[in-house]
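In: Structure, please.
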Amino acid sequence: MSLQLRYLGGVLIALCAGGLARAQTAPDPAEAKPSVSASAQRAYETTRDKLLQVRTLLKDQDSQASVGSGFIVSDEGHVITNYHVVSQVALQPQRYRLTYTRAEGSSGQFQLLAFDAVHNLALLRMVPLDKAAAVKHAALAFRPRDKALAKGERIFSLGNPLDVGFAVLEGNYNGLAERSFYPQIFFAGALNPGMSGGPALDGEGRVMGVNVATRRDGQMVSFLVPAQFAIELLERGRNAPPITTDVYPELTRQLFTHQALLTQKFIAQQWRSAGHARYRIPVPQEDFMRCWGSSSPAETKGLEFQRSDCQMDNAVFVSGRLQTGHLTVRHEAYDGSKLGVLRFSRAYSASFRNEFFGGGASTTAPQCKERFVDRDGLPLRAVVCLSAYRKLKGLYDVSVLVATVDASKEGVQGRLDARGFDFDNALRLTDHYLQGFAWNGSH
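Out: The predicted structure is shown next:
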């Protein structure tokens, strides 16, 4: 780490050199009848024998650690679910085991065969009670890849919400979610905990997606993994041997592939203008990031600021305590004309010092380097911090904190955070971010 940080410091030195409701009369309670879609009823009745509750139990007892849903995709008993549903078993197979419960009440054991953490999918296989007997399972079929759904089509999500029983949720297909780094289907329905890993079906009962997430800050906004990724995982892992040791090596390999692609696409984009009169400030494109702005109240009598926060909507789930493989970019533009030079300097410096650079159970303590950087005549104070992942070998979190130091009563402070990148790409992202600062053309 120390050699790498010295190299990182060298890079900085080199830079120094250069739904509508109508008003109506409520029906009498005695006359009111629940409106149940016949299509939803049919979807449930034809699918219930192919649905499973996926349970994670402690290895040596029946205490339940987590629950989710899954569905049978082959007559051999292959099952698709979410990676996050089985992550405890994947990471700590010596402590946990997987079981299933069917809609009619029967149960059994699972084997973990393969997973795709980037798309949050896992492939399991039901363990037959009698290994000598050839059991054929009823399985769900996938919707053909060349059969596109139209916006507004009814789709049906199934699973076991909140561990209260198998259920069907009816909603609408709304195309792919905008600003998602990987394709995700926008489902106008409210998925509940426990439904993760269950199937989403088209009107003909074919799997077109896998339940994965819901937005807690909105209603009827949920997301599905497109079925194509489940098909690919099944094809890749159908004949794989059961996984019996922790998956950190394979998880690391998948994250290396992900971060390389993310770095390539992020650096290929041009920085947007923040619209500042004095400085060019790096603001990312919103192809796969979402930016929000805020400012100090108009009546502020002290330090005024304008703030931009940009982040990816998605991260790669590793465990209940760790998500990685994502980027955030933010900046604050300060105006201290109402404060005077001394008070502005104190407030500006305090803001720069008031930054936290992480570290914790999953990563080492951050190691930081600070330099003054000249960007075509614009002096910058830059701090770069690296934290190494303890179990994801070769991956790091990098944070880059930058402040302009050319003016006595105004300035900009910006920060880039990149989670789960190899060292070379951490350097590339650092350089790309620093190169985004410059004088505004009108300066």
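
In: C-alpha only now, for contacts and for neighbours.
Out: Noted.

In: got the contact list for residue 388?
Out: Applying Cα atoms under 8 Å, 6 or more residues apart in numbering to residue 388 gives the contacts 363, 364, 365, 366, 394, 395, 396, 397.

In: Can you give me the neighbour number for the nearest residue to the fourth one once chain neighbours are set aside?
Out: Looking back up the chat, that one is residue 366. Spatial nearest neighbour of residue 366, chain neighbours left out: residue 387 (4.5 Å); criterion: Cα to Cα, 6 or more residues apart in numbering. The criterion is other Cα atoms under 10 Å. On that basis, residue 387 has 24 neighbouring residues.

In: Three-state assignment for residue 387, please.
Out: Here residue 387 is recorded as strand under DSSP: H, G, I helix; E, B strand; the rest coil.

In: Would you quantify the distance from the residue lying closest to residue 422 once chain neighbours are set aside to residue 426?
Out: Computed as Cα to Cα, 6+ apart, the closest residue to residue 422 that is not its neighbour in sequence is residue 395, at 4.6 Å. Per Cα to Cα, to the nearest Å, residue 395 is found 9 Å from residue 426.

In: Show me what counts as buried in the helix or strand residue 264 falls within.
Out: If you go by DSSP states H and E, residue 264 is part of helix 248-268. Within helix 248-268, the residues that qualify as buried by neighbour count (16 or more other Cα atoms under 10 Å) are 248, 251, 252, 255, 256, 258, 259, 262, 263, 266.

In: same for that helix, what does it pack against?
Out: Here helix 248-268 touches strand 410-421, helix 423-435, going by 3 or more Cα pairs under 8 Å, 6 or more residues apart in numbering; DSSP states H and E.

In: moving C-terminal of that helix, what's the next helix or strand?
Out: Downstream of helix 248-268, the first helix or strand assigned by DSSP H and E is strand 279-280.

In: ok now that following strand, how far from the chain's centre?
Out: Averaged C-alpha coordinates place strand 279-280 at 31 Å from its chain's average position (Cα atoms, centre = their mean, to the nearest Å).

In: in its sheet, what does that strand sit against?
Out: Sheet pairing of strand 279-280 (DSSP bridges) gives strand 438-439 (antiparallel).

In: I'd like the average pLDDT over the partner strand.
Out: Averaging the model's pLDDT scores along strand 438-439 yields 94.

In: now the strands for the stretch 301-443 of the chain?
Out: When secondary structure is read from DSSP state E, counting those that start in this stretch, the stretch 301-443 of the chain shows strands at 304-311, 316-319, 322-324, 326-335, 367-375, 378-388, 396-404, 410-421, 438-439.

In: go on, the stretch 1-150 of the chain?
Out: 51-58, 64-72, 78-81, 96-102, 107-116, 121-127.

In: What are the boundaries of the strands in the stretch 151-300 of the chain?
Out: Counting by DSSP E, counting those that start in this stretch, the stretch 151-300 of the chain has these strands, from start to end: 154-159, 167-176, 185-188, 199-201, 207-214, 222-226, 279-280, 290-295.

In: So for the fourth one, what gets flagged as buried?
Out: Neighbour-count burial for strand 199-201, counted by 16+ other Cα under 10 Å, picks out 199, 200, 201.

In: Now for the last one: which residues touch it?
Out: If I follow you right, that is residue 201. Residues in contact with residue 201 (Cα under 8 Å, 6+ apart) are 43, 155, 156, 157, 207, 208, 209.

In: what's near enough to touch the residue lying closest to the fourth one once chain neighbours are set aside?
Out: To tie it back to what came earlier, the one meant is residue 157. Excluding its sequence neighbours, the residue lying closest to residue 157 (Cα to Cα, 6+ apart) is residue 200, at 4.2 Å. Under the criterion of Cα under 8 Å, 6+ apart, the contact list for residue 200 reads 155, 156, 157, 158, 207, 208, 209, 210, 211, 224.

In: related to what we said a few turns ago, next one: the residue nearest to residue 366, what pLDDT does it get?
Out: The pLDDT attached to residue 387 in the predicted structure is 97.

In: Hmm, it is touching residue 364, no?
Out: Yes - shown here, residue 387 and residue 364 form a contact pair, counting by Cα atoms under 8 Å, at 5.3 Å.

In: that older thread, which strand residues sit across from the residue nearest to residue 366 in the sheet?
Out: Here residue 387 sits in beta bridges with residue 397, as judged by DSSP bridges.

In: quick one: it from residue 402, how far?
Out: Using Cα to Cα, residue 387 is found at 18 Å from residue 402.

In: Name the helix or strand of the protein that has the lowest mean pLDDT.
Out: Taking mean pLDDT, DSSP states H and E as the measure, the helices and strands of the chain show their lowest mean at helix 2-17, namely a mean of 47.

In: just for the stretch 51-200 of the chain, where's the confidence low?
Out: Filtered on pLDDT under 70, the stretch 51-200 of the chain yields the residue ranges 130-133.

In: one more time with 80
Out: In the predicted model, the stretch 51-200 of the chain carries pLDDT under 80 at residues 128-134.

In: quick revisit: and among the strands of the stretch 151-300 of the chain, the most buried is which?
Out: Burial of the strands of the stretch 151-300 of the chain is given as mean neighbour count (mean count of other Cα atoms under 10 Å); strand 199-201 ranks first at a mean of 29.

In: Each with direction, which strands does it pair with?
Out: Based on DSSP bridges, the pairing partners of strand 199-201 within the sheet are strand 154-159 (antiparallel), strand 207-214 (antiparallel).
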